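J.: Make a model of this:
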Amino acid sequence: MERSEAYKALEEDFISTFIRELMPGVLHNFANPLNGIMGRSKLLQRRIEDVVRKIGEKFPDTHAVLDEELQRIKNDIRAINKESDRFFEMFRDASGKFYALASKGEERVNLSQLLAAEMRFANFYLEFKHDIRKESKLDEETPEIQGDMAELTLAFWRLIRFAMSRALADQNKDFFLETSHDHENIYVIIQYSGDPLSAEEKDVLQRCLAQETRFLNDMTIEKGLFMAMSVLRKHATRLQFRCENGKNVICLTIPYRIPKT
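T.: Residues are numbered from 1 along each chain as shown. Next comes the predicted model:
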């Protein structure tokens, strides 16, 4: 059944408040009980280990009788701690993404850290998590750039999403992400299996970075890629395409020692 125009309008109104107004509150309300659960479970683990030790010292016969049951309890508590830590990591990955989207204005951004967070967030796409062979090689010493975190996180999310979609449609399903730098530039390399961009699409993206928008009126490229390049253009980004070992390679060169254009 098709939704009414009123529903569609209300849905758009709700979505418009989702990232900046609603999600910070949702994440805050989840964080408090989660921190409480993690703290109490770790405290419980220390207490049960202390109790078991005291039983062994004071009542060795009782400890011998209950040893198997006590060990099960200790194992269950360890499992709860392990799963709560795992849940916290997933919560951190999701909250980091939404806090980045809600950020305002320019700040110092480390692209390697941003891309590491994007890769963790991409695992919420179950096909990406389970079906794609993926590898990351991120330069921990990447210099920071001045930029809008919300814009950059969306731009790189879109590039990763594009490569992920192409890889999923291919039988090999390979994805590789790398960052590096030299004395002037930061390099971001995305490598994926699947169909390459056409010559026309590559030309459109190059023209977008060169601000030659008068040639883009009849573009056939995915709009998301076009918008991602519009963001990266602010950082004087250069773009190269190539093929290595049967894989498609997108290489972004981002200067960090010159003013943005």
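J.: where are the low-confidence patches of this protein?
T.: Within the chain, the ranges that satisfy pLDDT under 70 run 1-2, 212-221, 258-261.
J.: all strands for it, in order.
T.: Secondary structure of the chain (DSSP state E): strands located at 106-110, 133-137, 144-148, 174-181, 185-192, 238-244, 247-255.
J.: Identify whichever of these lies nearest to Lys54.
T.: strand 133-137 (46.8 Å; CB to CB). In this view, the C-beta of every residue, glycine as well, is placed from N, C-alpha and C.
J.: Just the CA atoms of the closest one, as CSV, please.
T.: Output of strand 133-137 as CSV, limited to C-alpha atoms (Å, rounded to 0.1, in the frame of the first residue of the first chain):
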residue,chain,number,x,y,z
ARG,A,133,37.3,-10.3,2.0
LYS,A,134,38.6,-7.0,3.3
GLU,A,135,41.9,-5.7,4.4
SER,A,136,43.1,-2.3,5.7
LYS,A,137,46.6,-0.9,5.9
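J.: From the chain's centroid, how far away is it?
T.: When distances are taken as CA atoms, centre = their mean, to the nearest Å, strand 133-137 is centred 13 Å away from the chain's centroid.
J.: how near is Ala94 to Asn185?
T.: According to CB to CB, to the nearest Å, Ala94 stands 32 Å off from Asn185.
J.: ugh, wrong one, I meant Asp139
T.: 12 Å.
J.: repeat for Lys82
T.: 41 Å.
J.: tally of neighbours for the closest residue to Ile77 other than its chain neighbours?
T.: Beyond its immediate neighbours in the sequence, the residue positioned closest to Ile77 (CB to CB, 6 or more residues apart in numbering) is Gln45, lying 4.8 Å away. Counted by other CB atoms under 10 Å, the residues lying close to Gln45 total 15.
J.: Buried residues, stretch 102-110. List them.
T.: Ala102, Ser103, Val109, Asn110 (16 or more other CB atoms under 10 Å).
J.: what's that stretch in contact with?
T.: 19-20, 23-24, 142-150, 152 (CB atoms under 8 Å, 6 or more residues apart in numbering).
J.: Tell me the spacing between Phe156 and Lys247.
T.: 19 Å.
J.: When the two are compared, which one has more neighbours?
T.: Phe156 (23 against 18).
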